[in-house]
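*Asks:* what's the 3D shape of this:
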Amino acid sequence: MAVSTDKSISTPGVLLTGASSQIGIFAIPKLVGAGFRVFAVSRKGKPPGYPDYKQVQWLNEASAMDLCQDCEYLLSAGPLNLAKKFLVAVDRLKTAIVFSSSSVETKQRSNDPVERQQVFDMLGLESDLQSRAENTGKKLLILRPTLIYGCGLDTNISRLASWVRRFGFIPVNGKATGLRQPVHADDLAQVAVAALHFKGVLPHTLSLGGGETLSYSDMAMRIFAAMEKPVRLVRLPEWLFISLLRFACRLRLISGVNPEMVKRQNANLVMDDKAARDLLDYDPRPFVPTVADFSLPALQNE
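*Replies:* Predicted structure coming up:
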């Protein structure tokens, strides 16, 4: 079904949280192109070298609370708790498009208590957002993307690219057959803007995968190709991989990786995104990364 849009949205402003995140930096030029004035909220401010747009004002959270009371649109590419703050504080908001994560579905049974708590917290915030939107008559859509890449800010695919650049190989758990759907942040920004324009009824949540489904091993091989490096997958037994990982973590040689991540390399983490494709003409690209996808995009000034 074709997307129902109205290109002449009359509101002068959209509140964009997480403006310097991987989705936010791709969303800004699309919002500007769609005629929005963008209030870009970021703790870090405008990334170095990022283009200047006349229609974009960079703000911190406190100043945004004062200056964005007339905004009718919210696009949240940052923390869910920040989206909740603005949904509560800005009475004139009518439509909120909020990014969450497919982790709320894929990590519910994780053996890692930190991961389970993160999922519990995200689901709680999603529920709070939905309740607030329903009670105040606001239109809310929560988007749950899979593995995001596209500008070097993610901690999954870009981490693997950094590992390849530094060491020339990637360790994997055996055959690493678990299926993945890497999704480019630019495609997520595109569908979020389409959702802002959508005039029909949307579900409470939509899953968003990438343009193809491939195994963890195949995904890793594509990263070698992007880095123009020979493919060198070191296939380790799960017990050995986890033992080496724990040893490296104790020595503080690596961080941000836990045994559950190793185990999931042989688990399928795929989402059904047919609803987004039908409703919003979502058409993500296949996973054929280049080296440019591991650094900030070379966007042009207006």
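
*Asks:* From now on I want contacts and neighbour counts done on CA atoms only, so please keep to that.
*Replies:* Fine.

*Asks:* Centroid-nearest residue for the protein?
*Replies:* Computing the C-alpha centroid of the chain and ranking residues by CA atoms, centre = their mean puts I148 first, at 5.2 Å.

*Asks:* Spit out the contact partners of that one.
*Replies:* 154, 156-157, 182-185 (CA atoms under 8 Å, 6 or more residues apart in numbering).

*Asks:* Mind pulling up the pLDDT for it?
*Replies:* With respect to pLDDT, I148 has a value of 97.

*Asks:* just S4 next, same as before
*Replies:* 42.

*Asks:* With Q69 instead?
*Replies:* 88.

*Asks:* likewise D66?
*Replies:* For D66, pLDDT reads 89.

*Asks:* after the helix or strand where L129 lies, next one along is what?
*Replies:* Using DSSP states H and E, L129 sits within helix 113-136. Per DSSP H and E, the first helix or strand lying C-terminal to helix 113-136 is strand 139-145.

*Asks:* just checking, what packs against the helix or strand that contains S63?
*Replies:* If you go by DSSP H and E, S63 is part of helix 61-67. Applying 3 or more CA pairs under 8 Å, 6 or more residues apart in numbering; DSSP states H and E, one finds that helix 61-67 makes contact with strand 37-41.

*Asks:* Would you double-check that G210 falls in a strand?
*Replies:* No. G210: not assigned to a strand; according to DSSP: H, G, I helix; E, B strand; the rest coil it is coil.

*Asks:* what sits against it?
*Replies:* With CA under 8 Å, 6+ apart, G210 has these contacts: 146, 181-184, 284-287.

*Asks:* Just the CA trace of the helix holding S63, in CSV.
*Replies:* Only the C-alpha atoms of helix 61-67 are listed here, as CSV (Å, rounded to 0.1, in the frame of the first residue of the first chain):
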residue,chain,number,x,y,z
GLU,A,61,17.8,19.9,27.0
ALA,A,62,17.2,22.8,29.3
SER,A,63,17.0,25.5,26.5
ALA,A,64,14.9,23.2,24.4
MET,A,65,12.3,22.9,27.1
ASP,A,66,11.9,26.7,27.0
LEU,A,67,12.1,27.3,23.2
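
*Asks:* where does the chain dip in pLDDT?
*Replies:* Across the chain, residues meeting the criterion (pLDDT under 70) sit at 1-12, 300-302.

*Asks:* Kindly indicate whether Q57 is helix, strand or coil.
*Replies:* Note that with three-state DSSP, the state of Q57 is strand.

*Asks:* how close does it get to L196?
*Replies:* Distance, Q57 to L196, by CA to CA, to the nearest Å: 19 Å.

*Asks:* still on that earlier bit, need the contact partners of the helix holding S63.
*Replies:* 39, 41-43, 86, 89-90.

*Asks:* No further questions, thank you.
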